[in-house]
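**Student:** just need the structure, nothing else, for what follows:
(chains A and B)
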2 protein chains.
Amino acid sequence: MKNLLITGISGFVGSYLADYCARNEQNISIHGLDISAASGCRDAPYLYYQADLLDKDRVEALIEEINPDTIIHLASFSSVGDSWKDPIKSFKNNTTIFLNLLEITHSLKIPCRILSVGSSEEYGIVRTDDLPLTEKLPLNPVSPYAVARVAQEQLSHIYAKGFGMDIVCTRSFNHIGPGQADKFVVSSIGRQFAEIKKGAREKLHVGNTAIIRDFLDVRDVVRAYYLLIKKGSAGETYNICSGQGISVAQLIDLYAEISDVTPQVETRPELLRPVENPVVIGSYEKLAAHAGWKPEITLIHSLRDIYAYWLEHN
Amino acid sequence: MKNLLITGISGFVGSYLADYCARNEQNISIHGLDISAASGCRDAPYLYYQADLLDKDRVEALIEEINPDTIIHLASFSSVGDSWKDPIKSFKNNTTIFLNLLEITHSLKIPCRILSVGSSEEYGIVRTDDLPLTEKLPLNPVSPYAVARVAQEQLSHIYAKGFGMDIVCTRSFNHIGPGQADKFVVSSIGRQFAEIKKGAREKLHVGNTAIIRDFLDVRDVVRAYYLLIKKGSAGETYNICSGQGISVAQLIDLYAEISDVTPQVETRPELLRPVENPVVIGSYEKLAAHAGWKPEITLIHSLRDIYAYWLEHN
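**Tutor:** Prediction:
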């Protein structure tokens, strides 16, 4: 990994990933591509390109110039909720952008490893008997976002098999960590607790608090991505998860402990979704076996950091 | 079914479907939408609209005007081979056009039944033990075309479940019949036999002749679509197939019998695909149980008609 391209670098995961790769790799050039203007650049220096991955000609010219040996494709419209509000935009920005990337590297014959970042949402509604979810389970997506992620993974396998491309896929479970946008549940609740603590708000607004998710700290996530680039097998898919399930209601209790605040909780209809997975817990056995990864940051550690982040930011 | 909209009406199946509905339904208005200029109008009169389903604004205005009670969505880029040559175009024209249709009918709140036509290609590589394929089998698409069809079906289920829309899905196996474009194998071979018979060609050009497919006459296909509109269950998927498998090599033998020609066969690399299903045979049990359908036209009957068609056409 000497010449790395990260798509979606301005997103939540991007800056953590750039930092991690810069710290762990000698003589690496990092190129970051994003639809937004440059922002969120943390410690790592990288070359920044503002581009829309839907603009295939521009991206093709950039990739030809960069000639990466590694592409980590983080760019996505990653909100399940938003995919119900604008399914077309969400679908296009999760499938066409990835197809453009595949077609460009394929047609330019760039011999690079691509990490295709997918989602635990691909599993959809699962039976309790199937928990923790392993990569062999049939996929049963239940949101427009999830359908796009399934398509992305299937296209990855097809390009790996049909064209011999070096593509490794992930099914990344819910990420959490300081700096995440507050449209994601753990960040939203952490922010609201901080606001209540500061006297800037009264009630805690939530959606369905019964849902159980497998939350993983973003710093563990980027370490997994790095290890998969080094040790993952082409054409394979890996769960990236904590192996632990926790309900949103339990999260609220943990935040209450951390903040020493007991807020009034209000369920808001706009935070409920037409169809939702009741429980998602993954198995990271395959990732552990192939890449020697296991989670290192505990949930309470993550939540403390997120709460502290929101105490400092508005 | 009083006000029917058929997308992709100028395609192979469209004109057969319009004819069948006109013959079997009293007082029906048929509206046909297609990206091509009007053509292939057989006997049935219908109102024709030239429009690209990617042009959402125009299609929205048309659908608002038509106010259909039934939409049969035939429009697609249906060639598996072409999806390997231009995956982006194929993917977009099989997913975005369908999403546009769903979003338009959803946002206009038009209470119509939608038949979402999918493909047996969704099954992908299957084990001999799984034959004949039933609708419960996990999907394992192996071409860009197939990935798009899987996405289309999953989106149908999501809109049916999440938004209460009345959508019935098919997995239609290989169609055959007079008038089909000669990029499809049975039509191509029929045409070549007719040309050899007429002295206009010497050799028969083929791809992989070992593959086994389940071929169904287009006239049986449109009868199944009609019955599914009447009797299919919303949110369900139905195989539409003959239940019989035949190899391309056996097809060539049958054409040789029909035409009394024994051609020299040449395998052409451009007709081979990067990844291909060795065998596809479906079960139509569910369609028979829910809609009382079974195939009526034999394979030899279809092949005779196709050969006769190509003797008359160039």
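**Student:** okay, now A:Ile110: neighbour count?
**Tutor:** Neighbourhood size, A:Ile110 [other C-beta atoms under 10 Å in any protein chain shown]: 18. C-beta: built from backbone N, CA, C; applies to glycine.
**Student:** confirm it sits in a helix?
**Tutor:** No. Assignment of A:Ile110 by DSSP: H, G, I helix; E, B strand; the rest coil gives coil, placing it outside any helix.
**Student:** list the contacts for it?
**Tutor:** The neighbours of A:Ile110, taking C-beta atoms under 8 Å, 6 or more residues apart in numbering or on different chains as the test, are A:63, A:67-68.
**Student:** chain B contacts on chain A?
**Tutor:** A:56, A:84, A:87-88, A:91-92, A:95-96, A:99-100, A:102-103, A:138-139, A:141-144, A:147-148, A:150-151, A:154-155, A:158, A:161-163, A:274-275 (C-beta under 8 Å from any C-beta of the partner chain).
**Student:** are any of those buried, and which?
**Tutor:** Buried subset of those (neighbour count, 16 or more other C-beta atoms under 10 Å in any protein chain shown): A:56, A:84, A:87-88, A:91-92, A:95-96, A:99-100, A:102-103, A:139, A:141-144, A:147-148, A:150-151, A:154-155, A:158, A:161-162, A:275.
**Student:** in helices only, show me those residues.
**Tutor:** A:56, A:84, A:87-88, A:91-92, A:95-96, A:99-100, A:102-103, A:144, A:147-148, A:150-151, A:154-155, A:158, A:161-162 (DSSP state H).
**Student:** for chain A, what spans make up the helices?
**Tutor:** Assigned by DSSP H, the helices in chain A fall at A:12-24, A:56-66, A:80-85, A:87-108, A:144-163, A:185-197, A:218-231, A:248-259, A:285-291, A:299-312.
**Student:** just so I know, which of those lies nearest B:Phe173?
**Tutor:** Of all the helices of chain A, it is helix A:144-163 that lies closest to B:Phe173, at 20.2 Å by C-beta to C-beta.
**Student:** other SSEs contacting the closest one?
**Tutor:** When contacts are defined as 3 or more C-beta pairs under 8 Å, 6 or more residues apart in numbering or on different chains; DSSP states H and E, helix A:144-163 packs onto helix A:80-85, helix A:87-108, strand A:113-119, strand A:166-172, helix B:87-108, helix B:144-163.
**Student:** just the buried residues of the contacts of A:Ile110.
**Tutor:** A:63, A:68.
**Student:** care to break chain A down by domain?
**Tutor:** A:3-176+A:217-241+A:283-291, A:185-212+A:245-280+A:298-312 (automatic domain parsing).
**Student:** deepest of these, which one?
**Tutor:** Comparing these by mean neighbour count (mean count of other C-beta atoms under 10 Å in any protein chain shown), domain A:3-176+A:217-241+A:283-291 comes out on top with a mean of 20.
**Student:** give me the distance between the two termini of that one.
**Tutor:** In domain A:3-176+A:217-241+A:283-291, first residue to last residue: 21 Å (C-alpha to C-alpha, to the nearest Å).
**Student:** for chain A, name the helix or strand with the lowest mean pLDDT.
**Tutor:** helix A:80-85 (a mean of 89; mean pLDDT, DSSP states H and E).
**Student:** for that one, what is the distance to the chain centroid?
**Tutor:** 16 Å (C-alpha atoms, centre = their mean, to the nearest Å).
**Student:** show me what that helix packs onto, helices and strands only.
**Tutor:** With 3+ C-beta pairs under 8 Å, 6+ apart as the test, helix A:80-85 has helix A:87-108, helix A:144-163 packed against it.
**Student:** could I get that helix in CSV with only the CA atoms?
**Tutor:** What follows is helix A:80-85 as a C-alpha-only set of coordinates in CSV (Å, rounded to 0.1, in the frame of the first residue of the first chain):
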residue,chain,number,x,y,z
VAL,A,80,-31.1,4.0,5.9
GLY,A,81,-33.6,6.7,6.9
ASP,A,82,-32.7,9.0,4.0
SER,A,83,-33.0,6.0,1.6
TRP,A,84,-36.7,5.9,2.4
LYS,A,85,-37.1,9.6,1.9
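**Student:** which ones are touching A:Asp82?
**Tutor:** A:90, A:145, A:183.
**Student:** thinking the first one is in contact with A:Ser143, fair?
**Tutor:** No. When contacts are counted by C-beta atoms under 8 Å, A:Ser90 is not listed as touching A:Ser143 (9.0 Å).
**Student:** now for the two: what residues contact both?
**Tutor:** Common neighbours of A:Ser90 and A:Ser143 (C-beta under 8 Å, 6+ apart) are A:Ser83.
**Student:** the residue with the largest distance to the centre of chain A and chain B, how far apart?
**Tutor:** In chain A, A:Gly199 marks the outermost C-alpha relative to the chain mean, sitting 31.8 Å out by C-alpha atoms, centre = their mean. From A:Gly199 across to chain B, the span is 39 Å (C-beta to the nearest C-beta, to the nearest Å).
**Student:** please apply the same query to A:Leu272.
**Tutor:** 12 Å.
**Student:** quick check: nearest residue in space to that residue, chain neighbours excluded?
**Tutor:** Of all residues beyond its chain neighbours, the one nearest A:Leu272 is A:Gly207 (5.1 Å), with distances taken as C-beta to C-beta, 6 or more residues apart in numbering or on different chains.
**Student:** what's near enough to touch A:Glu266?
**Tutor:** A:Glu266 neighbours (C-beta under 8 Å, 6+ apart): A:203-206.
**Student:** just checking, the residue nearest to A:Leu272 touches A:Pro274?
**Tutor:** No. Taking contacts as C-beta under 8 Å, A:Gly207 lies outside contact range of A:Pro274: 11.9 Å.
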